[in-house]
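Enquirer: Quick check, what structure comes out for this input:
(one chain, ligands or ions: 2)
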Amino acid sequence: MNRFRISTPEGTRDLLFSSCRALRQTENTIRASLENRGYSEIITPAVEYFDVFAQANPELDQEQMLKVIDRSGRICVVRPDNTTPIARIAATRLDNAALPVRLYYSQKVFRSVVGGHGHKGEFLQVGAELIGADGLEADKDILSAAFGALTETGAAGFRIELGHAEIYKALIEELGVDAAAAESIRRLIENKSFAALGDTLSPYGDRPAAGALRAMPQLFGGMEVLDQVEALTGNVRVLGAVSYLRRLYRALDETGYGDRIMIDLGLVHEMDYYTGVMFRGYIGGAGAAILAGGRYNALCAKFGKDMPAGGFGIDVESVAESLQGAAGTETGTRRDTVRIALTKGRLEKKTLALLKSAGYDISELEAGSRKLIFALPDTGVEIVLAKAADVITYVEHGVCDMGVVGKDTIMEKGGSFYEMVDLGFGKCRFALATKKGKDVYGGYQTPVIATKYPAVTKAFFNRKNMDVETIKIEGSVELAPLLELADAIVDIVETGTTLKENGLEVIEDVAPISARVIVNLASAKLKKAAIQKVIAELESGLEG
Ligand SMILES: Nc1ncnc2c1ncn2[C@@H]1O[C@H](COP(=O)(O)OP(=O)(O)OP(=O)(O)O)[C@@H](O)[C@H]1O
Ligand SMILES: O=P(O)(O)OC[C@H]1O[C@H](OP(=O)(O)OP(=O)(O)O)[C@H](O)[C@@H]1O
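Expert: Ligands and ions are numbered 1, 2, ... in the order given. Now for the predicted structure:
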């Protein structure tokens, strides 16, 4: 049988019976909640012109858009986002409507996903947009709708974290760096890469903006975070944003949602899109944010009418799945354990030694067995042993809260997680190497590069504006140039012995590598104290 006749495209799936019921129940509850708050439904086309999304949100990755060519040859996309078409409608068809308008939608978005990662390419989102209103009352209205809708689904342990786009924007402007440096600082804050951010900011010494930016990845938790940032900077725009968040918190606290609010001043995604408050919602049992939103005052102007707007979207399926799995417990399954995935092989011994010196009893792991999951006695910590790339998969999906994995795997595989600590062992580097005396950069032919790491290789040559052909090799990559299959290799070099003994030499270093601690996005927030404790213990083991 032709497999395309009996399977569905990557990232899509059939939902049957109880899953359907759970999905529709959650969807209907959220819809009813929004209707009750005065939001009116609109439905937008499933397919729109590419230009709608390309122009409005440059951060919506082109590669992720599912494209369709219409009869006239024009490129259309299957709806990748709900807010953009609503901004188009508000700025055009609702041009004369009395403002503000409250709109809601309950429809799918589609993304083209790479196979094999378990990423969804089709989501049912219910969301709300409040258009034509700005300021505290408007943000309170939107956030109350988000809190109300999630509460009514019966989700017991959800939290919504607040951030503000002005904080990063103001500090980066104060620092006065170019766009490329600003983007690399932004990425390090987004990934909560404390150590690398410190290194990147070290040339700016003790300038106040550098100090505040350096602290941003750690500025998440309760309301105390706002006091901390006030002590770090006198930047009036930052202080204005902080005082705004404080007032917004108070307003929401009055409506009874105070204990569900967290702060993350390191929310720095889509900085061209968000203009004010930003927020994300988390729930136990879902590894990623189940709600995202904020204020995007510049969006409607892209469709011809300049008016403020804000809103949010909820990933209905993730909420429904979490409700089914957690059966209403406070933070879902495994709420009292921290599960850590360790990379088997080269990194294993040092990681275990580190756990031991941090005071954990790892005797069961040391005893040597074929077991894969170990509970460390009296700690609430569980250890899982996995292959490097799988460590990322388990952490990204939230079935493990933390992981220890090499920077090489992180660079090759990517993914959404926080990269919180550089453990400093497992040190080696990526390098471009070839036979002694060979010129890889000269000549007219496209160089052929053999590697176990095609994504790292492509990114390295992209930065040089060079096109190369890559050939994936699974091991002993050094053979490829010796057998004349490739002009050069990009591979891991540690002592250099393998290269030397095979008559090869390094042409250029690509990137340094060491073992990193990665943390699931939701776990970092919902299990903050327990995870910070493990990290502090590991760090104390490193010092000892
Ligand atoms: N000389 C080295 N070669 C490869 N990896 C190294 C080296 N030195 C340190 N490392 C780190 O050790 C990690 C684990 O390497 P290991 O070879 O055990 O697993 P692997 O990359 O999955 O290899 P394999 O597929 O051969 O099992 C790497 O991801 C890298 O971060
Ligand atoms: O600079 P060195 O100290 O010589 O170490 C580098 C070598 O170690 C790794 O290979 P590994 O032993 O993991 O075998 P593989 O190539 O089959 O993965 C790496 O791929 C290099 O070949």
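Enquirer: Name the nearest residue to the residue of the chain found nearest ligand 2, ignoring sequence neighbours.
Expert: The nearest approach of the chain to ligand 2 comes at residue 475, 2.8 Å away (C-beta to the nearest ligand atom). In short, each C-beta sits where N, CA and C put it, glycine included. Of all residues not flanking residue 475 in the chain, residue 452 sits nearest, at 7.1 Å (C-beta to C-beta, 6 or more residues apart in numbering).
Enquirer: Could you report the neighbour count for the one you found?
Expert: Other residues near residue 452 number 18, with proximity taken as other C-beta atoms under 10 Å.
Enquirer: who are the neighbours in contact with it?
Expert: Neighbour list for residue 452: 472, 473, 474, 475, 477, 491 [criterion: C-beta atoms under 8 Å, 6 or more residues apart in numbering].
Enquirer: So among those, which ones count as buried?
Expert: Among the contacts of residue 452, the ones that count as buried by 16 or more other C-beta atoms under 10 Å are 473, 477, 491.
Enquirer: okay, the residues you listed in TSV with secondary structure, distance to ligand 1 and pLDDT next?
Expert: Converted to TSV, the buried ones among the contacts of residue 452 look like this (DSSP: H, G, I helix; E, B strand; the rest coil; distance: C-beta to the nearest ligand atom, whole Å; pLDDT from 0 to 100):
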residue	secondary structure	distance to ligand 1	pLDDT
473	coil	12	98
477	coil	11	98
491	strand	8	98
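Enquirer: quick one: low-confidence parts of the stretch 101-250 of the chain?
Expert: Within the stretch 101-250 of the chain, no stretch has pLDDT under 70.
Enquirer: residues contacting residue 534?
Expert: Residue 534 makes contacts with 338, 340, 381, 402, as judged by C-beta under 8 Å, 6+ apart.
Enquirer: In what element of secondary structure is it found?
Expert: helix 528-543 (DSSP states H and E).
Enquirer: and the stretch 301-450 of the chain, which residues reach ligand 1?
Expert: Where the stretch 301-450 of the chain comes near ligand 1, counting by C-beta under 6 Å from any ligand atom, the residues are 343, 345, 346, 347, 387, 388, 406, 408, 409, 426, 428.
Enquirer: For the helix holding residue 534, buried residues please.
Expert: Across helix 528-543, burial judged by 16+ other C-beta under 10 Å covers 530, 531, 534, 535, 537, 538, 541.
Enquirer: Assign the residue of the stretch 251-400 of the chain found nearest ligand 1 to helix, strand or coil.
Expert: Nearest residue of the stretch 251-400 of the chain to ligand 1, counting by C-beta to the nearest ligand atom: residue 345, 2.3 Å away. Secondary structure, DSSP: H, G, I helix; E, B strand; the rest coil: residue 345 is coil.
Enquirer: again, but for residue 20
Expert: Counting by three-state DSSP, the backbone at residue 20 sits in helix.
Enquirer: okay, now it: neighbour count?
Expert: By the measure other C-beta under 10 Å, the count of residues near residue 20 is 12.
Enquirer: Tell me how far it lies from ligand 1.
Expert: 40 Å (C-beta to the nearest ligand atom, to the nearest Å).
Enquirer: Residue 435 now?
Expert: Separation of residue 435 from ligand 1 (C-beta to the nearest ligand atom): 20 Å.
Enquirer: Is that residue bridged to anything, and to what?
Expert: In this entry, residue 435 is beta-bridged to residue 504, by DSSP bridges.
Enquirer: Let me know whether my guess that residue 484 is in a helix holds.
Expert: No - Residue 484 is assigned coil when assessed by three-state DSSP, not a helix.
Enquirer: burial of it, as a residue count?
Expert: Residues near residue 484, counting by other C-beta under 10 Å, number 9.
Enquirer: Which pLDDT value goes with it?
Expert: pLDDT, residue 484: 96.
Enquirer: try residue 370
Expert: For residue 370, pLDDT reads 89.
Enquirer: wait, is it part of a strand?
Expert: No - read with three-state DSSP, residue 370 is coil and lies in no strand.
Enquirer: That one and residue 342, how far apart?
Expert: Look at residue 370 and residue 342: by C-beta to C-beta, to the nearest Å, they are 15 Å apart.
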